[in-house]
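> I would like the atomic coordinates for the input below:
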Amino acid sequence: MVRLLTHNLLACHVKGCTSNNFPLQFQNAQIELREADFNTDFLKNFLPKLEWKALLGDTSLPLEQPEMLDDEFLKILHHVLLEIHVEEGSMTCPNCKHSYPISNGIPNMLLAEHEIG
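All right, here's what the predicted structure looks like:
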């Protein structure tokens, strides 16, 4: 499933595409909201691994990652990372424009042999 949590970890790996290859940009994304169990410890432990600027397409988040982690912020982050699912569409590299299709919530990150670096 493509959640924003997953999206935050994906970069383009096309041969020669080594800069400005993250974050991948959603195109024609069809989203679905699905409830997920709230886990404060998971969010607190995962927060240092997040690339904050890649999440800023969601206007419910502050521009800067807050230092104080109150329950209200963690619930918003939980919703953004774990409850928003991209079911259809694609992710496009901002550098080389390679498109990674998303079908039934699964991103196809496989590259053709000539695209492998």
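> For the residue nearest to Asn95 when sequence neighbours are not counted, grab the count of nearby residues.
If the residues on either side of it in the chain are set aside, Asn95 comes closest to Asn20, at 4.2 Å by Cβ to Cβ, 6 or more residues apart in numbering. Where C-beta positions appear, they are placed from N, C-alpha and C, glycine not excepted. Asn20 is surrounded by 10 other residues when neighbours are defined as other Cβ atoms under 10 Å.
> What of the one 10 residues further on?
For Gln30, the count of nearby residues is 12 (other Cβ under 10 Å).
> any idea whether it is helix, strand or coil?
Under the three-state scheme (DSSP: H, G, I helix; E, B strand; the rest coil), the conformation of Gln30 reads as strand.
> Wait, it touches Ser90, no?
No - the pair Gln30 and Ser90 fails to qualify as a contact (Cβ atoms under 8 Å) at a distance of 10.7 Å.
> returning to that earlier point: pretty sure the residue nearest to Asn95 contacts Pro94?
Yes - contact status for Asn20 versus Pro94: in contact at 5.5 Å, counting by Cβ under 8 Å.
> list residues touching both of these two?
Common neighbours of Asn20 and Pro94, using Cβ atoms under 8 Å, 6 or more residues apart in numbering, do not exist here.
> show me where pLDDT drops low in this structure?
Segments of the chain classed as low confidence (criterion: pLDDT under 70) are 56, 58, 117.
> ranges for the helices of it?
4-7, 40-46, 71-78 (DSSP state H).
> And for Leu81, nearest residue in space, chain neighbours not counted?
Closest residue in space to Leu81, ignoring its immediate chain neighbours: Leu5 at 4.2 Å, by Cβ to Cβ, 6+ apart.
> Near the one you found, how many other residues are there?
Using other Cβ under 10 Å, the number of residues around Leu5 comes to 22.
> What of Gly89?
Residues near Gly89, counting by other Cβ under 10 Å, number 19.
> cool, Leu81 as well?
Around Leu81 there are 23 residues (other Cβ under 10 Å).
> in the protein, which spans are strands?
Per DSSP state E, the chain has strands spanning 2-3, 25-33, 84-92, 99-103, 106-107. These are given in chain order.
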